[in-house]
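Participant: kindly return the folded structure for what I paste below:
(6 chains)
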Number of protein chains: 6
Amino acid sequence: MRPSGRALDQMRDITIDVGVTRHAEGSCMIRCGDTHVLCTASLEERVPPFLRNTGQGWVTAEYGMLPRATTTRMRREAQAGKQSGRTQEIQRLIGRSLRAGIDRNALGERQITVDCDVIQADGGTRCAAITGGWVALRLALDKLMKAGDIVTDPMVDHVAAVSCGIYAGQAVLDLDYPEDSEAGTDGNFVMTGDGRMIELQASAEGATFSRDQFAELMALADKGIADLVAAQKAAIA
Amino acid sequence: MRPSGRALDQMRDITIDVGVTRHAEGSCMIRCGDTHVLCTASLEERVPPFLRNTGQGWVTAEYGMLPRATTTRMRREAQAGKQSGRTQEIQRLIGRSLRAGIDRNALGERQITVDCDVIQADGGTRCAAITGGWVALRLALDKLMKAGDIVTDPMVDHVAAVSCGIYAGQAVLDLDYPEDSEAGTDGNFVMTGDGRMIELQASAEGATFSRDQFAELMALADKGIADLVAAQKAAIA
Amino acid sequence: MRPSGRALDQMRDITIDVGVTRHAEGSCMIRCGDTHVLCTASLEERVPPFLRNTGQGWVTAEYGMLPRATTTRMRREAQAGKQSGRTQEIQRLIGRSLRAGIDRNALGERQITVDCDVIQADGGTRCAAITGGWVALRLALDKLMKAGDIVTDPMVDHVAAVSCGIYAGQAVLDLDYPEDSEAGTDGNFVMTGDGRMIELQASAEGATFSRDQFAELMALADKGIADLVAAQKAAIA
Amino acid sequence: MRPSGRALDQMRDITIDVGVTRHAEGSCMIRCGDTHVLCTASLEERVPPFLRNTGQGWVTAEYGMLPRATTTRMRREAQAGKQSGRTQEIQRLIGRSLRAGIDRNALGERQITVDCDVIQADGGTRCAAITGGWVALRLALDKLMKAGDIVTDPMVDHVAAVSCGIYAGQAVLDLDYPEDSEAGTDGNFVMTGDGRMIELQASAEGATFSRDQFAELMALADKGIADLVAAQKAAIA
Amino acid sequence: MRPSGRALDQMRDITIDVGVTRHAEGSCMIRCGDTHVLCTASLEERVPPFLRNTGQGWVTAEYGMLPRATTTRMRREAQAGKQSGRTQEIQRLIGRSLRAGIDRNALGERQITVDCDVIQADGGTRCAAITGGWVALRLALDKLMKAGDIVTDPMVDHVAAVSCGIYAGQAVLDLDYPEDSEAGTDGNFVMTGDGRMIELQASAEGATFSRDQFAELMALADKGIADLVAAQKAAIA
Amino acid sequence: MRPSGRALDQMRDITIDVGVTRHAEGSCMIRCGDTHVLCTASLEERVPPFLRNTGQGWVTAEYGMLPRATTTRMRREAQAGKQSGRTQEIQRLIGRSLRAGIDRNALGERQITVDCDVIQADGGTRCAAITGGWVALRLALDKLMKAGDIVTDPMVDHVAAVSCGIYAGQAVLDLDYPEDSEAGTDGNFVMTGDGRMIELQASAEGATFSRDQFAELMALADKGIADLVAAQKAAIA
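Facilitator: Predicted structure coming up:
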């Protein structure tokens, strides 16, 4: 039995509100249960040095967490003077995932930075950030296309992410914090709208896992991704 | 004529939503027009070293701005590796202001950290942070009193803050960003609910200002503070 | 009764020795009682990026304190790896104050950096830094004009600063450290030679203050500024 | 055809020399083709704060690369003033992987730090670090057991890691740098000696990957891990 | 011919004013020609961790330079966020040199920090810092002995330092900045009052040097140290 | 009697293996007894800003130590976030020493960075780094000359370094760690192949030293340098 009473293959409620901030080219607030992430996409007409004069664009991401997004207040990274290894690992994952859904030639020499700031955390923040970040990115691209700055849509497909894990010996979908902190194995699955894989990460915490268990997690992820892509479609409709 | 069409002594619309985050002991989202600040109060049962074994508590504040809270994306301070001078100046002001409304003996040896994170900026963020920060602090104290951890209410009075300035030669109340960036003089006024002063800051930007102009700013501030205190009262009712 | 035996409206002795260091374009040692600040003005024929090709110049300031300027040795900021929030707040104030006395078009595209280093501290170091910093700046401008590099004097008026506060319930002028550390309210007043205001900062420490008390502080500040401007005039004569 | 001429499922030559440094409790130099990593295990009779008085031990890892381990010299992280996101991600992976092979209760309250320093890099450094790090850890545990400080062997099983990827459209085992820099998908597989999974990471670079492709990578990894575990066994024999 | 017109073995004028700052336990301003260094000795009744409960004391030193001590303004180290390699090298030298003159058992478990801040630089700042630092240390020890906190004088002998170098092919004593920046070899000699050696550093800049040249530098150093020790004696008389 | 049983003027065994890393333009592993340092020379076709358009090249050095090169594991500098004062002092010494053997005009506008990384430490690491660094530099220059990029050999002479000290009251050559940690005086001597001096550093640790003692150290150094230069010649033959 899951602490939340959810079925093993049941996602938390997903809501994605778009246009929540006035300045960003694209923005949304994604809520996966009690995990709330504000995603903004910011456009700049310049690219990193290694892409200058290549005709290609870049999509990058940054991740942060408000100090009291968590049960216990955490130290503000700006005051600690550096981003933690965990933060850097997550924002590199978000950036790689979103780039996998983009044709960088079609984007042209411009950069879009997707900021994912966790307002409230209850597990699965990196997955919510990828799923919401895609929506913010989609909206920013819509704006560019509407303005005629881009002719061909650089967006190849949806990109969404979900976590699955082995909790109390059973494979469960979309771990919340009480599950995540107890899970024996924890995985993040990033996929496209048509079910191809972008990134897989599965990690044993304490106990190792078998091929069969991994296959169960993968099957759950397929179901979760479908729900998330549906929520993305509804949000941008 | 003000860019927003407001009267010279007219505040922007103020809304304060309380209980907006699940983990913090007190929280609110304050919106002063397009300036939106999330304020959370976090309780810890320990005090800074200089207060140990004094029986006194401490209230401190931290301030941050999401990278795309502003018109143009700003670099994330956690990535820059330090808080800017401006950030530090603002969070020191918020902390001093809130402490002025507290009886630290009645609080007892515990610390409350008020985090003020700007979600969207349109001028006056430090004033909104103080006004909203007071609400978050009030709610955290209510929780402590309800639990019986504190007997005497440590809150002495309301604390609120408003900016006034000389814009296009005239004293105006509650500057928004277009006014703030053009103002010849810019002031922040922090007061108690009964109109006593906690902190005054007035700064000439380019042109100096006279005693009469300062008196006009002060009169406007009185009006603004009254509106803000009324909004605080409504929020915590 | 003040610890030093001074009258309520009595400044400490002020001496300003000019030309105290060989390399700087302008320099002075200002002594306000036991507070001693070495001020140097350094000229560079370049401006910050945001002023390039505008024809305007820039004046900026930096502030430091020798580790044993204070009663107890303080950690060297260069070793701590960062300037404290207090240091940054003070040097931003000095820079803003000095810029208010300058016509930046007349200065032309060059930058003057005013370094204010506290050799010995006994309260009021930021005010002494502004008052002495103005003298160093004046001397550097004299040198530029004498060399024919500038035709119109960019200096619009004197700039001086003094602290006032409520000590033991009474408004007093020019707080020394024993007063400053006990004062209920502490204010810094930066004015021009003709008595117009550049910057006001008044801060309650523990107790709030009333309008009447603020008016008393302002009146004391007028007297103090007059004395400081007279000392500046004597120094550069 | 692979640049090195290897078969699709062919590992590079593996050599593991043990006892290569005099001070460490355990050490080895692992060479996977032209990738050379020096691994040392350092024992401390203390644990991180969160484990004090729990009776449990800790295994952690750090990763570094000499500046000229790579084709082009890279900036020394000690001079840059921080470890890159990549470095932190890798050393967190190594630590998690090695801990999965350890019974931390049997280890007792002591910490072993495994340092993995890349002397020469040609792709697959994180996998070599895990495989060699296990050997260094094994040797340090042998020393502890021989001295009678530990009674029950805390080592549960071998831990080894290998990379696989889609290169030029085909699944290949043990990518070297020329392959790694061109691979469409790149994965790291960390397993135990008996073939259970500790960590899976697979990442699309540019192109997404299918379930079938992933299954191919997994099969290759099984073969590679078997070779690596055999090399570990030979090294510690 | 030396730029200053001095004889080859002629020191610059030396003045040492003691008691120049009010708070430090010992202080002096040493002037060697146009090189001016403020030295303060600060006493703390605690020692670094490695000396706790050993009965031994510690003497350490820190070195800084005001930004405009030099011909061209240098960036403030507190703003750069770190002390340069040069600064660290110099302050380590000062600390080692002063410790060589102290019996740390006689000092007892207390630490004296000698801060050497260069107010104006014209070559030889590290040597002036050692020579002046010794005077500040002597005065702080006098204070401790007068108060009866120390019974046996921990000061074993004078410590002084002078630079010598090969300038325009000739060995010269006490290099000033114009000489220092052109010298082919540059050496610093730290000695006791009775002529024993504490530290020798000689460095070829461009050209190597011979044994005979080094012997000439040593002879000059003997003469310079004698002058400096005489100045120290006069200062503390 | 020395702990190692060596004669007073006996060096440890010296081996220098060249070409030990695949990517660097020049490389060697130098072993002086149990002190092992990997030295690589990296060529870049650019110079520091102060040398642009001067036709002159630059040689610089960096120094590092693997965390477990020492008896007790030391904190990794990349994680501490800065290089220690000791590290900076050493790498500045290596750079100055190697530059003294180079004609920078003959080198032309290119930079060679010599990285010296201590794999295992047993005293005298900076001296081994200089001696081995010279070999790596020599090999890189050979490569440049063979390729015809440089016509005149920029190498003027051999550069080697050795430590000597007063151990148990006697002058000894080439201190190992047990001697170094007990030595009353410790010196480093950097010389050319023909016996001219580049850098001398002698430092009293606790006890001062006399002229005669220094002369003994110098004589030992002559012997040691001869052995080291012979080893360099054998290595590059």
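Participant: next SSE downstream of the least confident helix or strand in chain A by mean pLDDT?
Facilitator: Lowest on mean pLDDT, DSSP states H and E among the helices and strands of chain A sits helix A:77-80, with a mean of 92. Where DSSP states H and E defines the elements, the next helix or strand beyond helix A:77-80 is helix A:85-99.
Participant: any bit of the least confident helix or strand of chain A sitting next to chain C?
Facilitator: No. Where contact is defined by Cβ under 8 Å from any Cβ of the partner chain, no part of helix A:77-80 touches chain C; the two come within 10.5 Å at best. The way it works is simple: take the backbone N, C-alpha and C, and place the C-beta from them, glycine included.
Participant: show me where chain A has its strands.
Facilitator: Listed in chain order, the strands of chain A (DSSP state E) span residues A:14-18, A:26-32, A:35-44, A:58-65, A:111-120, A:159-167, A:170-173, A:185-192, A:197-204.
Participant: is stretch A:95-112 positioned near chain B?
Facilitator: No. No part of stretch A:95-112 sits close enough to chain B to count as contact by Cβ under 8 Å from any Cβ; the gap is at least 10.3 Å.
Participant: what residues of that stretch count as buried?
Facilitator: Applying a neighbour-count criterion of 16 or more other Cβ atoms under 10 Å in any protein chain shown, one finds A:95-102, A:104, A:106-112 buried in stretch A:95-112.
Participant: identify the residue nearest the geometric centre of chain A.
Facilitator: Within chain A, one residue has its C-alpha closest to the average C-alpha position: by Cα atoms, centre = their mean, that is residue A:130, at 1.3 Å.
Participant: one step back: hmm, which two among the buried residues of stretch A:95-112 are most spread apart?
Facilitator: Greatest spacing in these, by Cβ to Cβ: A:97 and A:109 (22.0 Å).
Participant: excluding its backbone neighbours, what's nearest the residue located most distally from the centre of chain A?
Facilitator: Each residue of chain A has a distance to the centre, and by Cα atoms, centre = their mean the biggest one is for residue A:53: 29.8 Å. Of all residues beyond its chain neighbours, the one nearest residue A:53 is residue A:109 (7.9 Å), with distances taken as Cβ to Cβ, 6 or more residues apart in numbering or on different chains.
Participant: counting contacts, what elements does the helix of greatest length in chain A pack onto?
Facilitator: As assigned by DSSP state H, the longest helix anywhere in chain A is helix A:211-236. Packing contacts for helix A:211-236, counted by 3 or more Cβ pairs under 8 Å, 6 or more residues apart in numbering or on different chains; DSSP states H and E, involve strand A:14-18, helix A:125-146, strand A:159-167, strand A:170-173, strand A:185-192, strand D:197-204.
Participant: quick one: mean pLDDT for it?
Facilitator: For helix A:211-236, the mean per-residue pLDDT is 96.
Participant: ditto for stretch A:143-156
Facilitator: Per-region confidence: stretch A:143-156 scores 96 on mean pLDDT.
Participant: off-centre distance for it?
Facilitator: Between the centre of stretch A:143-156 and the centre of its chain there are 22 Å (Cα atoms, centre = their mean, to the nearest Å).
Participant: how about it and chain D, any contact?
Facilitator: No. Under the criterion of Cβ under 8 Å from any Cβ, chain D is not reached by stretch A:143-156; the shortest gap measures 8.9 Å.
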